[in-house]
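> next comes the sequence, and after it the predicted model I'd like to discuss.
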Amino acid sequence: MPQRDIVTWNTMITQLVKSGDINSAYEMFLQMPERNVRSWTAIISGFVQCGKPKEAIELFSKMEEVGLRPNEVTVVAVLAACADIGTLDLGIRIHEYSDKSGFKKNIHISNTLIDMYIKCGCLDAAHRVFDGMKERTIFSWSAMIQGLAIHGKANEALELFFEMIQTGMKPNGVTFIGLLNACSHMGLINEGREFFSSMTRDYRIVPSIEHYGCMVDLLSRAGLLEEARDFIEEMPIKPNAAVWGALLGGCKVHKNIEMAELAMRHLHELDPLNDGYYVVLANIYSEAKKWEDAARVRKLMREKGLKKTIAWSSVTVKGAVHEFVAGDETHHHSEEIYSMWNELLVHMRSKGYVPNTSVVLLDVEEEEKESVLFRHSEKLALVFGLISSPAGQTIRIFKNLRVCEDCHASFKLISEIVDREIVVRDRNRFHSFKDGSCSCRDYW
């Protein structure tokens, strides 16, 4: 059997990656007698494509250790991995390397940089990349519009859209998802309705299930639950779990049990193994002090073998990612974290802070509820960020679930007390806390 040359090895790895078999591709990569930049890039890209950004970044570090310089395709893959897990420090370093290497004219790299900075909570840096582009694609415009939307800058998102139209660039379906998200996050009901109509009327874009989901989210957040339900029932395509889930989310915000139960009946059929929907319904019952109904939902979860997704938050300090779960005492700085929190609490109470124990959905005494509340993962991540970074430095936190109401109120006060910007990326959007207020303007 003739020996494979490096081109053959790379081709085989690329084919395995395309077929989604990343494990076999990686095994083959490890067997290679020699590897070039294309070999490393193929497997790094593969890890990113299959949802393993941490592994992609670890492999990139090993590639650097052997002395290979990334090419333009490598840069795109690593930036995409940085965007997925919020590794800002590496993203900045890759950006600098890209510019020094003469890749500035590569539109694909610029677009990925915009996406990376947006997902890392650096909207200004994303805008600088966007503004510096001599040529832009519809992806460039749509990414920037979506970035402004999830950062709570709806008016700027709409202004950018109209600027795009004036250049002659035609929007696509992704552009309208960004616009509808912008309207949803800031409660621009009429504007959202108009954009949804404009898609078909002005641009002949047939709305997808994502667009319908955005509209249901827009109406539900605004408390127009009956209109949202009617909108779903009149959809020309079958609503999926995300659509009914948007209605359920609105029911939680506006404490509508009857409509929540309607949404849950559909979700029980469409996505019966998604723990998140059951948790939301149980929380709606708990907030209404319907403890028996909440217990019934939790029993149903146990019978189905479902476990509540554990909430975690992370903060990056000096290039290292530190993860926290609620009540975490395993971190080597736990004692300092809880001591610092108690100091902050004194300042917060002097500014009128009252713990919002209604978000602790347990039938226990108030004092115990406060104890649970003060140990939420995002609070622990924030305090660790404060004690581990220089004064004035922005703290960036990533949470896998929605930020709770008490943490939101606390972060506004803390941003003023410590005179720092605190950027939180949760499951739905970004919150930028500064000088005692949040970019979402408390509509979230």
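Right, received. Where do you want to start?
> could you name the helices and strands sitting against the top helix by length along the chain?
When the chain is parsed with DSSP state H, its longest helix is helix 334-350. With contacts taken as 3 or more Cβ pairs under 8 Å, 6 or more residues apart in numbering; DSSP states H and E, helix 334-350 sits against helix 377-388, helix 405-417. Yep, even glycine has a C-beta here, placed from its N, CA and C like the rest.
> and those, which is most packed in?
Among these, the stretch with the highest mean neighbour count (mean count of other Cβ atoms under 10 Å) is helix 377-388, at a mean of 23.
> that helix vs helix 334-350, what angle?
Put simply, helix 377-388 runs at 100 degrees to helix 334-350, going by axes from the mean of the first three to the mean of the last three Cα atoms, to 10 degrees.
> dump helix 377-388 to PDB, restricted to CA.
Taking Å, rounded to 0.1, in the frame of the first residue of the first chain, the C-alpha atoms of helix 377-388 are listed here in PDB:
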ATOM      1  CA  SER A 377     -23.600  32.300  40.400                       C
ATOM      2  CA  GLU A 378     -23.500  35.600  38.700                       C
ATOM      3  CA  LYS A 379     -23.000  37.500  42.000                       C
ATOM      4  CA  LEU A 380     -20.000  35.200  42.900                       C
ATOM      5  CA  ALA A 381     -18.500  35.700  39.400                       C
ATOM      6  CA  LEU A 382     -18.900  39.400  39.700                       C
ATOM      7  CA  VAL A 383     -17.300  39.700  43.100                       C
ATOM      8  CA  PHE A 384     -14.400  37.500  42.000                       C
ATOM      9  CA  GLY A 385     -13.900  39.700  39.000                       C
ATOM     10  CA  LEU A 386     -13.900  42.800  41.200                       C
ATOM     11  CA  ILE A 387     -11.200  41.500  43.600                       C
ATOM     12  CA  SER A 388      -9.100  40.000  40.900                       C
END
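> how far does it sit from its chain's centre?
How far helix 377-388 lies from its chain's middle: 19 Å, per Cα atoms, centre = their mean, to the nearest Å.
> quick one: name whatever helix or strand follows it.
Following helix 377-388 in sequence order, the next helix or strand is strand 395-399 (DSSP states H and E).
> how far out from the middle of the chain is that following strand?
Distance of strand 395-399 from the chain centroid (Cα atoms, centre = their mean) equals 10 Å.
> what lies in contact with the helix or strand where H185 lies?
Following DSSP H and E, one finds H185 within helix 173-186. Here helix 173-186 makes contact (Cβ atoms under 8 Å, 6 or more residues apart in numbering) with 138-139, 141-142, 145-146, 148-150, 152-155, 157-158, 161, 164, 188-189, 191-192, 195-196, 199, 205, 207-208, 210-211, 214-215, 217-218, 221, 429, 440-441, 443-444.
> list the buried residues of it.
The neighbour-count check on helix 173-186 (16 or more other Cβ atoms under 10 Å) flags 174-186 as buried.
> same deal with stretch 266-278?
For stretch 266-278, the neighbour count (16+ other Cβ under 10 Å) marks H266, L267, H268, L270, G276, Y277, Y278 as buried.
> check stretch 81-90 too.
Buried residues in stretch 81-90, counted by 16+ other Cβ under 10 Å: A81, C82, A83, D84, I85, G86, T87, L88, L90.
> wait, what's in contact with the residue nearest to G385 when sequence neighbours are not counted?
Once flanking residues are discounted, G385 sits nearest to I395: 4.0 Å by Cβ to Cβ, 6 or more residues apart in numbering. Going by Cβ under 8 Å, 6+ apart, I395 touches V315, L382, G385, L386, S389, R420, E421, I422, V423.
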